[in-house]
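Novice: Predicted structure and sequence below. I'll ask about it afterward.
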Amino acid sequence: MWHPGSDSFEVEMMSWLATYIPKTIKFADIQPPQTNRPFVTFKANGNYYFVDSEHCHNKALLARLTPQKPPAQESALKNL
């Protein structure tokens with residue numbers, strides 16, 4: 001759940017025992033995932049999260065949950 005203007009949002013994660021675990025994540029903690037794992041949208045507080053963009057109807061929230069990767073460092077020898 002997210003309220004526009006809030007600096008955090010709540011999610012429900014499913015445990016291995018199929019019980020729901022509520023978590024609160026701050027937008028400041030979200031960063032691009034540095035992994036090749038499938039189904040990972042962002043990383044926060046050491047955990048990986050996936051957002052199904054096709055079923056996320058709140059586009060403002062989706063934009064905040066999908067951080068852009070920083071541009072790759074270009075080679076200094078590129079123009080040689």
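Specialist: Structure received.

Novice: Now do the same contact list for the residue nearest in space to the middle of the chain.
Specialist: Ranked by distance to the mean C-alpha position of the chain (CA atoms, centre = their mean), the top residue is residue 42 at 2.6 Å. Residues near residue 42 by CB atoms under 8 Å, 6 or more residues apart in numbering: 30, 31, 32, 33, 48, 49, 51, 65, 66, 67. Placement of C-beta: from N, CA and C, glycine included.

Novice: which of those has the most neighbours?
Specialist: Among these, the one with the most neighbours (other CB atoms under 10 Å) is residue 65, at 22 neighbours.

Novice: Would you mind confirming that it is in contact with residue 43?
Specialist: No: contact between residue 65 and residue 43 fails when scored by CB atoms under 8 Å: they sit 11.2 Å apart.

Novice: Which residue is the nearest non-sequential neighbour of the residue nearest to the centre of the chain?
Specialist: Counting by CB to CB, 6 or more residues apart in numbering, residue 42 lies nearest to residue 30, which is 5.0 Å off, once chain neighbours are set aside.
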